[in-house]
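Asker: Next input, structure requested:
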Amino acid sequence: MPIFLFLANTVCYAGQSSLGKLYAAKGGNANSFNLCKAGSAAILFSIWLLCKGQGIHWATLPWAAVYGICLCVSMYAGFQALSCGPMALTSILAAMSLIIPFLWGVLFWQELLTVWSIVGLVCLLSAILLINFKKQGKFTIFQFIIRL
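Answerer: Alright, predicted model coming up:
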């Protein structure tokens, strides 16, 4: 089941970026797009709550409201980024945001570095490095090493 949820999350994330770019290219409004996106998430969350049989945890509701405000700002900024620039660059920059919690966990919560976390970090840093290359026709590994 966790693998299914991970794959569903990946598909939904890619779909949201693609639909956001398409909607922005057609001159759509960021507020209406984000309202539909948040409404869809609220519906899925409500269904999950009903299936689990759990209620709302009222003590954490103020924190949820603060998170919701931050999420609204993030969604608006993400839509604006998609409307102004290339989808690939916007998506990779959004994916890079996981470096901060990773480093926080390692530096302040004494989480252990595993082989897989190091491999992931190297892949992210490689993506940042490769995103800075200009398209110059044929590209060889020798050119890549020289630029390092």
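Asker: so where's this protein shaky on pLDDT?
Answerer: The model of the chain has pLDDT under 70 over residues 132-148.
Asker: What segments of it are strands?
Answerer: Counting by DSSP state E, the chain yields no residue ranges for strands.
Asker: Which parts of it are helices?
Answerer: With DSSP state H as the criterion, the chain has helices at 2-25, 30-52, 61-84, 87-96, 99-108, 115-131, 141-147.
Asker: What helices and strands are in contact with the fourth one?
Answerer: Taking 3 or more CB pairs under 8 Å, 6 or more residues apart in numbering; DSSP states H and E as the contact definition, the neighbouring helices and strands of helix 87-96 are helix 2-25, helix 61-84, helix 115-131. No exception for glycine: its C-beta is placed from N, CA and C like everyone else's.
Asker: CA atoms only: put stretch 104-119 into PDB for me.
Answerer: Extracted in PDB, the C-alpha atoms of stretch 104-119 (Å, rounded to 0.1, in the frame of the first residue of the first chain):
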ATOM      1  CA  TRP A 104      17.900  20.300   9.500                       C
ATOM      2  CA  GLY A 105      17.300  16.600  10.400                       C
ATOM      3  CA  VAL A 106      21.000  15.800  10.100                       C
ATOM      4  CA  LEU A 107      22.300  18.900  11.800                       C
ATOM      5  CA  PHE A 108      19.800  19.400  14.600                       C
ATOM      6  CA  TRP A 109      17.900  16.200  15.200                       C
ATOM      7  CA  GLN A 110      21.000  13.900  14.900                       C
ATOM      8  CA  GLU A 111      19.400  11.800  12.100                       C
ATOM      9  CA  LEU A 112      21.800   9.300  10.600                       C
ATOM     10  CA  LEU A 113      23.100   9.700   7.100                       C
ATOM     11  CA  THR A 114      22.500   6.500   5.200                       C
ATOM     12  CA  VAL A 115      23.800   5.400   1.900                       C
ATOM     13  CA  TRP A 116      20.500   6.200   0.200                       C
ATOM     14  CA  SER A 117      20.300   9.700   1.700                       C
ATOM     15  CA  ILE A 118      23.800  10.400   0.400                       C
ATOM     16  CA  VAL A 119      22.900   9.100  -3.000                       C
END
